[in-house]
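> Predicted structure and sequence below. I'll ask about it afterward.
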Amino acid sequence: MQHVALIANPVSGSGRSLATARSLADGLRHRGFDVRLVPTELSDPQAWLDPTLETVDAALVVGGDGTLRMVAESLVRCSTPCWQVPCGTENLFARGLGMSADEAAINSALVSARVRDLDAARANGSLSLLMASVGFDASVVHDLSARRTGAISHWTYVPCMLRQLLHWRPSRMSMRLDDRMVLDGEAGWCFICNSREYGARFDPAPEADMTDGLLDVVFLPTRSRTQVLAWMARAHSGRHLGRDGVLCERAQRVQLEFASPVPWQLDGDMPPPEAEPVVDSLTVECLPAALKVLWPSERG
């Protein structure tokens, strides 16, 4: 894979992403690769990114999971294999696939040119790579978005979590998986996962597989704020799925209806601007083998 696009978010990691991208570009050019550095823009990527992706063999996305999702539509549309160079807060996509910022590992992946097709999903029309959820975590994401002024760290989430522990109320929802009604008006916290990775090692769906053509759905019955802390502790230690009332199933299509409008999150961030941030229903559908990725050579 000789021709490479290096896509960098100038603000990700307090500017660290762009510096990482420039250093990586110099190293790859020294190794003989043709590299095009492409800073992200706020406008539609179809205009500023698609023309580049149509002329390269692979794309290295330098930034966090939000940066990757920003350009994912273009990657899918152009069928361009990608690699996340982790420079965000969590980097869940890279963590789950064994991708790193190491130049030797990236060079090896480009030379070996092993490509694998991964599933993606559409949540109320928006592309998702990792997960969507409704519940306490979604409220924290909305709280952070309303107050965010710059780069964030794990500590940035702490005051948001404390505020939500004081004010959050569980939502009642009904759920249909494919053609089956499995919940009717139950109060709880729901995750619809394509990936097993989640922030702070709170992994609600540890068996999720990005190549099986299905979404892992986890519903945690939650009727109080104190139960939120209990679920977080159990999930962190992998003890949550065997508890009474927990639903853990797989489906190609998930439909949720809520008793009252609720906030939701997508891949750990607010839904994109074109999507409604607070909804009375949520439909998530798996897109099998939609995204091409460069596979780490040691995983070949």
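Yep, it's here.
> if you skip the residues just before and after it, what's nearest to Asp203?
Excluding its sequence neighbours, the residue lying closest to Asp203 (C-beta to C-beta, 6 or more residues apart in numbering) is Arg196, at 5.7 Å. Just so you know, the C-beta spots here come from the backbone N, C-alpha and C atoms, and that holds for glycine as well.
> and the one you found, what element?
Element membership for Arg196, per DSSP states H and E: none, as it lies in no helix or strand.
> For it, give its distance to Ile7.
Using C-beta to C-beta, to the nearest Å, Arg196 is found at 25 Å from Ile7.
> got it, and Asp57?
The value you get for Asp57 to Ile7, if C-beta to C-beta is used, is 14 Å.
> and if you look at Val262?
Taken as C-beta to C-beta, the span from Val262 to Ile7 is 33 Å.
> More neighbours: which of these two?
Neighbours per residue, other C-beta atoms under 10 Å: of Val262 and Ile7, the larger number sits with Ile7, 28 against 22.
> Tell me the bridge partners for that one.
Counting by DSSP bridges, Ile7 forms beta bridges with Val38, Val61.
> How about Val284?
Ala123, Val254.
> Mind pulling up the pLDDT for it?
Per-residue pLDDT puts Val284 at 98.
> what about it, distance to Leu144?
From Val284 over to Leu144 the distance is 22 Å, taken as C-beta to C-beta.
> which one of these two has more residues nearby?
Comparing Val284 with Leu144 by other C-beta under 10 Å, the one with more neighbours is Val284, at 25 against 20.
> mind giving me the domain split of the protein?
Domain ranges of the chain: 3-113, 126-288, per automatic domain parsing.
> In the stretch 201-300 of the chain, what residue spans correspond to helices?
225-236 (DSSP state H, counting those that start in this stretch).
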